[in-house]
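Undergrad: Quick one: sequence plus predicted model below, questions after.
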Amino acid sequence: MTPSDSSRKASLLLIYTGGTIGMRQDPSTQTLKPFDFSQILEEVPELRKFAYRIDSYTFDPIIDSSDVEPGLWQCLAELIKDRYSMYDGFVILHGTDTMAYSASALSFMLENLAKPVIFTGSQLPIGIPRTDGRENLVSAVEIAAAKDGQGRAVVPEVCIYFNNMLMRGNRACKVSSDNFTAFRSMNFPPLAEAGISIKYNTHLIIRPEDQDADLIIHTRLDTRVSILKIHPGITPHVVRNILCGEETRAVIMETYGCGNAPCKEWFLNLVRQAAASGKILMNVTQCLSGTVNMNLYSNGKALLEAGVVSGYDCTTESALGKLFFILGQTDDNMAAKELLDKNFRGEISK
């Protein structure tokens with residue numbers, strides 16, 4: 001019997017990397033401490049009503065999301081690969097600060113994914129009375145276990161579930177540090193919305209071409225990527241250090257509006273110099289929503305002519321994960337630049 005067989009109850013692996021959701025208050029010291037996720041059904045008894053088999057895996061030590069590095073993504077990819085045949089879905093509990101980076105990166109690292117990988121977390125610890133963690137966890141578990149009439153996963157993607165919304169992982173970004181609506185997907189509709197019931201936007205969900213193909217993981221990442229945020233008063237020294245750094249293969253340029261930047265000659269000369277040296281310069285907008293169109297204004301067109309490539313409507317988090325992934329696949333920057341134009345996991349609209 002295969003894990004996708006709809007005749008048996010779903011089995012899920014709950015992976016706790018760290019973060020606020022896994023904390024509860026010690027009654028004697030009043031301090032927050034991580035709880036034992038092997039006792040998750042006692043901590044969140046609502047999960048019993050699903051009658052799923054839920055196993056847990058906790059990273060040791062747990063990781064504050066501010067300390068997340070690509071090594072965690074590699075560990076997650078390998079863990080999912082190793083346990084892939086044993087479970088119908090995976091729920092990853094993760095701190096909110098870098099959740100969008102992790103979800104984006106993992107979306108590129110997991111090829112032929114046919115099972116849900118759902119990231120979630122909370123703004124308040126799960127042991128606090130007003131926590132958002134319980135609903136986030138319960139709904140993420142239900143989504144990770146959901147199957148269609150053919151016994152296939154309803155959402156075989158890497159996603160983020162937060163505050164009633166299921167978002168494609170490489171489309172989401174954190175928009176609030178103190179609101180329960182911590183994440184938004186501004187350039188792509190939610191894959192599902194949770195109200196009285198969970199309503200799936202099935203026409204938006206990506207499915208593998210071959211449902212039975214083996215999961216392939218890409219753990220070779222090249223992190224020689226920098227981010228240059230364009231701002232008024234930016235200096236030649238700052239731009240030169242980032243664009244022309246010897247150890248940098250690619251630079252994400254966070255530009256104004258639809259992809260504009262200063263047209264001062266010193267700035268364009270540095271862009272041309274970096275592009276001529278073979279560096280990949282990727283243009284994404286600073287705006288929360290919208291897309292890059294370097295043909296719309298003269299300042300944007302100057303960047304295009306200087307050798308900058310469009311990131312279309314992808315987020316900075318997604319651009320970073322995509323570059324790490326692509327650069328890890330090839331040492332040829334020209335080939336990597338061509339791959340940037342490809343829509344791998346629904347990260348761009350084109």
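TA: Good, I have the coordinates.

Undergrad: going forward, measure contacts and count neighbours with C-alpha atoms only.
TA: Will do.

Undergrad: Please, where are all the helices along the stretch 1-150 of the chain?
TA: 40-43, 70-83, 99-109, 133-145 (DSSP state H, counting those that start in this stretch).

Undergrad: Find the one among these with the highest mean neighbour count.
TA: helix 99-109 (a mean of 27; mean count of other CA atoms under 10 Å).

Undergrad: Mind giving me the packing neighbours of it?
TA: Applying 3 or more CA pairs under 8 Å, 6 or more residues apart in numbering; DSSP states H and E, one finds that helix 99-109 contacts helix 70-83, strand 158-162, helix 316-329.

Undergrad: got these as TSV, with mean pLDDT and distance to Ala114 columns?
TA: Compiled in TSV, the helices and strands packed on helix 99-109 are given as follows (pLDDT from 0 to 100; distance: least, CA to CA, whole Å):
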stretch	mean pLDDT	distance to Ala114
helix 70-83	98	12
strand 158-162	98	10
helix 316-329	98	20
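
Undergrad: Serialize those to TSV and add fields for distance to Ala261.
TA: Formatted as TSV, the helices and strands packed on helix 99-109 follow (distance: least, CA to CA, whole Å):
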stretch	distance to Ala261
helix 70-83	30
strand 158-162	32
helix 316-329	16
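
Undergrad: The ones you listed: which one's closest to Asp178?
TA: strand 158-162 (13.4 Å; CA to CA).

Undergrad: Between helix 133-145 and the closest one, find me the angle.
TA: 150 degrees (axes from the mean of the first three to the mean of the last three CA atoms, to 10 degrees).

Undergrad: got a list of contacts for strand 158-162?
TA: Strand 158-162 is contacted from outside by 100, 103-104, 106-107, 116-122, 136, 139-140, 166-170, 172, 180-183, using CA atoms under 8 Å, 6 or more residues apart in numbering.

Undergrad: Kindly report the same for stretch 268-282.
TA: Against stretch 268-282 from outside (CA under 8 Å, 6+ apart): 239-240, 243-244, 248-253, 262, 302-303, 306-311, 333-334, 337.

Undergrad: for the record, mean pLDDT for it?
TA: The pLDDT scores in stretch 268-282 average 97.

Undergrad: Ends of that stretch, what's the gap?
TA: Taking CA to CA, to the nearest Å, stretch 268-282 runs 15 Å from one end to the other.

Undergrad: Over to stretch 246-266?
TA: End residues of stretch 246-266 are separated by 19 Å (CA to CA).

Undergrad: Equivalent analysis for stretch 240-251, please.
TA: Start-to-end, stretch 240-251 (CA to CA) is 12 Å.

Undergrad: mind listing what's buried in it?
TA: Buried residues in stretch 240-251, defined by neighbour count with 16 or more other CA atoms under 10 Å: Arg240, Ile242, Leu243, Cys244, Gly245, Thr248, Arg249, Ala250, Val251.

Undergrad: Minimum pLDDT in these, which residue is that?
TA: Gly245 (91).

Undergrad: That one belongs to a helix?
TA: No: using DSSP: H, G, I helix; E, B strand; the rest coil, the assignment for Gly245 is coil, not a helix.

Undergrad: What about the contacts of stretch 268-282, which are in helices?
TA: Val239, Arg240, Leu243, Ala302, Leu303, Ala306, Asn333, Met334, Lys337 (DSSP state H).

Undergrad: got a list of what Leu32 touches?
TA: Contacts of Leu32 (CA under 8 Å, 6+ apart): Met23, Arg24, Gln25, Asp26.

Undergrad: Likewise for Met253?
TA: Residues in contact with Met253, defined by CA under 8 Å, 6+ apart, are Ile227, Leu228, Lys229, Ile230, Leu281, Met282, Asn283, Val284.

Undergrad: Surely the last one touches Tyr312?
TA: Yes: using CA atoms under 8 Å, Val284 is in contact with Tyr312, at 6.7 Å.

Undergrad: so what's in contact with these two at the same time?
TA: Thr291, Val292.

Undergrad: Compare these two (neighbour count), which wins?
TA: Applying other CA atoms under 10 Å to Val284 and Tyr312 shows that Val284 carries more neighbours, namely 29 against 23.

Undergrad: If you drop the residues flanking it in sequence, what lies closest to Ile198?
TA: Spatial nearest neighbour of Ile198, excluding adjacent residues (CA to CA, 6 or more residues apart in numbering): Ala192 at 6.6 Å.

Undergrad: how does this structure divide into domains?
TA: Domain assignment for the chain, taken from automatic domain parsing, gives 11-217, 225-340.

Undergrad: among those domains, which is nearest Ile348?
TA: Here domain 225-340 is closest among these (CA to CA), at 5.3 Å.

Undergrad: Contacts for stretch 127-141, please.
TA: With CA under 8 Å, 6+ apart, stretch 127-141 has contacts from 12, 21, 23-25, 44, 46-47, 91, 118-126, 161-164, 180, 194.

Undergrad: ignore the last one, stretch 48-58
TA: By CA under 8 Å, 6+ apart, the list of residues contacting stretch 48-58 from outside reads 9-17, 37-38, 41, 142.

Undergrad: Apply the buried test to those and list what passes.
TA: The neighbour-count test (16+ other CA under 10 Å) marks Ala10, Ser11, Leu12, Leu13, Leu14, Ile15, Tyr16, Thr17, Phe37, Glu142 as buried among the contacts of stretch 48-58.
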